[in-house]
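>>> I would like the atomic coordinates for the input below:
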Amino acid sequence: MLLEITATKNLERRSGAQALNYLSASDLELALILNFGEKPEFKRLVLTNDRKHRPQPLKTPRKSVEIGGPEDPWRSVATAVRG
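Numbers count the residues shown, from 1 in each chain. From the prediction side, this is the model:
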């Protein structure tokens, strides 16, 4: 559970957006935002793990390429710039 504590006049939308970003970047699913401003408020946010977009790992390892070597994709650009 993520717990965000604030002390602002009102519960702000950016607190909810920030909590959702934290939830989407982690394995956590529940966030509570507690505001101890003029009027105490709270907000409960849920983002289940099955709704999160997680990139799949690469199936084949990346090939290392020597800079300036024959397989360097930028070699032709560097050659054209040098003239």
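>>> okay, which residue is most central for this protein?
A25 (5.1 Å; CA atoms, centre = their mean).
>>> list the contacts for that residue?
When contacts are counted by CB atoms under 8 Å, 6 or more residues apart in numbering, A25 touches no other residue. No exception for glycine: its C-beta is placed from N, CA and C like everyone else's.
>>> can you pull the pLDDT of it?
pLDDT recorded at A25 is 86.
>>> likewise A31?
Model confidence at A31 (pLDDT) stands at 94.
>>> L11 too?
Looking at L11, its pLDDT stands at 87.
>>> Confirm for me that it is in contact with I33.
Yes. Between L11 and I33 there is a contact under CB atoms under 8 Å: 6.7 Å.
>>> So the two - more neighbours on which side?
The residue with more neighbours, out of L11 and I33, is I33; 20 against 17, by other CB atoms under 10 Å.
>>> Return the set of residues that bridge with the more buried one.
E4, K43 (DSSP bridges).
>>> Just the CA atoms of stretch 40-57, as PDB, please.
The C-alpha trace of stretch 40-57 is given here as PDB (Å, rounded to 0.1, in the frame of the first residue of the first chain):
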ATOM      1  CA  PRO A  40      -9.200  16.600   6.700                       C
ATOM      2  CA  GLU A  41      -9.800  14.400   3.600                       C
ATOM      3  CA  PHE A  42      -8.800  11.100   2.100                       C
ATOM      4  CA  LYS A  43      -8.800   9.400  -1.200                       C
ATOM      5  CA  ARG A  44      -8.400   5.700  -2.000                       C
ATOM      6  CA  LEU A  45      -7.000   4.700  -5.400                       C
ATOM      7  CA  VAL A  46      -6.800   1.200  -6.800                       C
ATOM      8  CA  LEU A  47      -4.800   0.100  -9.900                       C
ATOM      9  CA  THR A  48      -4.700  -3.700 -10.200                       C
ATOM     10  CA  ASN A  49      -1.600  -5.300 -11.600                       C
ATOM     11  CA  ASP A  50      -3.500  -6.800 -14.500                       C
ATOM     12  CA  ARG A  51      -4.200  -3.300 -15.800                       C
ATOM     13  CA  LYS A  52      -0.600  -2.300 -15.800                       C
ATOM     14  CA  HIS A  53       1.500  -2.200 -19.000                       C
ATOM     15  CA  ARG A  54       4.700  -4.000 -18.500                       C
ATOM     16  CA  PRO A  55       7.100  -4.200 -21.400                       C
ATOM     17  CA  GLN A  56       8.200  -7.800 -22.200                       C
ATOM     18  CA  PRO A  57      12.000  -8.600 -21.900                       C
END
